[in-house]
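>>> What follows is a predicted protein model with its sequence.
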Amino acid sequence: MRSKNAKDIYNLIIKANWGFSSTMSRLRGLGGKVQLLDKRCATKGCEKPLFNDSVISSSSAYIEIVDSGSRLRGGASFFGLMALVPIVVGMGALLYVIFFHGERLPLIVHIFVWLAVLVFLFIAGPCLNTLVRWDMFRKTHYPMRFNRRDRKVYAWSQDMGVVTMNWDDIQFYTSEATKSQDRRGMSREEIRGYVRDRNGNMLYHLVFFKYEGFKGMKGVLEIWELVRRYMEEPDGYIQAYQVDQRLLDLDGKRESFIHSLIQATQVIADSRILQVILAMAITWTGTGRLIAKWTCRVPRWPEWVEEKCRVAPDDPYVRNRQTEPPLSTKEILWPLFCYLLGWAEVLTILYFCFRGYF
């Protein structure tokens, strides 16, 4: 038990594996408002399936979906780095004073300095490490492949490599926060799924689909309906091919600069007016996303997964980043404008705050 607890602490605090991991599969509960989903029945209130910034590629063999944390990637790391720099500089200054000018300081100052060092090592340090490692020094994303031929789901985990699940064994359900959780800032609208072993023990438990935006749960259900139809209906791969939305720019590569800004802009707000008002937030998220992606490795599917998901050369229903039309001028300039506007606001605030020092 102690070894398992130590591993869980290492996974969550040191490695920051708060996504699909062995630890979270055990700890994630069924709390909140839960409703089971039937894979064989169409989703009520969902008129048509959509990508909603979740699909990487699609074909007659499989559809590849990004992990649920992709849309928010970069935000936690940015604030972690912003807090880490002044704290490390401050701790360095304190230690310098203690070691090189300690004889001039009274005992009470020594006590408070070493208390500050202990607080940093055992409280602030682990928290900052978790924030920084949340999106950095890991994989750029953790994709999932839903294979309609062998009815398997291949998913990248944060600590178990590639995990294989039978589509028919997964129990999907919607998970929403209660009113009490909403008031405490614990809002969530997502679709989760779990697989139990023969003894009924929880084997895997993860968030499959999530959408950040004004559509809320409707946006999540549109992604679910897309995958459900793909796996269950005879023409599901054709319906996926016909969806009139862009794929993510993640197929075997890092997200490009402009696509990072597009994701940062869309995750902050769906409305153009709000995007202008919240330009600084777009700058923070976009900068964190750009930094995070260059510290991470691109996931490469193992050969055995590629063999299972082999696409015919003449498959007419292939959609990937090579088949997508190039971005229009409007699609490029708007997120770039919001990003630069946010930086202009930040620099203006800094100028008026510190102009007396120059």
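Here it is on my side, so go on.
>>> Please, where are all the helices along the stretch 151-300 of the chain?
179-183, 217-232, 236-241, 257-268, 272-277, 279-294 (DSSP state H, counting those that start in this stretch).
>>> per-stretch mean pLDDT over these, give me the minimum one.
Taking the average pLDDT of each of the helices of the stretch 151-300 of the chain, the minimum falls on helix 179-183, with a mean of 63.
>>> I'd assumed residue 227 was in contact with residue 43.
No. Using C-beta atoms under 8 Å as the test, residue 43 is too far from residue 227 to be in contact (10.8 Å). C-beta: built from backbone N, CA, C; applies to glycine.
>>> So for these two, which sits in the more crowded spot?
With other C-beta atoms under 10 Å as the criterion, residue 43 and residue 227 differ in neighbour count, and residue 227 comes out ahead with 26 against 17.
>>> excluding its backbone neighbours, what's nearest that one?
Distances taken as C-beta to C-beta, 6 or more residues apart in numbering put residue 146 closest to residue 227, at 5.7 Å, once the chain neighbours are dropped.
>>> Could you look up the SS state of that neighbour?
Following DSSP: H, G, I helix; E, B strand; the rest coil, we place residue 146 in the strand state.
>>> Check what pLDDT it gets.
98.
>>> can you check residue 1 too?
What the model reports for residue 1 is a pLDDT of 50.
>>> what does residue 163 give?
Taken from the predicted model, the pLDDT recorded for residue 163 is 97.
>>> just to revisit the earlier point, select, out of the helices of the stretch 151-300 of the chain, the one closest to residue 4.
For those, distance to residue 4 was read as C-beta to C-beta. The smallest value, 27.4 Å, belongs to helix 179-183.
>>> which ones are touching the most centrally placed residue in the chain?
Nearest to the mean C-alpha position of the chain, counting by C-alpha atoms, centre = their mean, stands residue 69 at 1.7 Å. When the contact criterion is C-beta atoms under 8 Å, 6 or more residues apart in numbering, the partners of residue 69 are 19, 142, 210.
>>> go with 7 Å
When contacts are counted by C-beta atoms under 7 Å, 6 or more residues apart in numbering, residue 69 is found next to residue 19.
>>> what about it, helix or strand, and which?
Under the assignment given by DSSP states H and E, residue 69 is not contained in any helix or strand.
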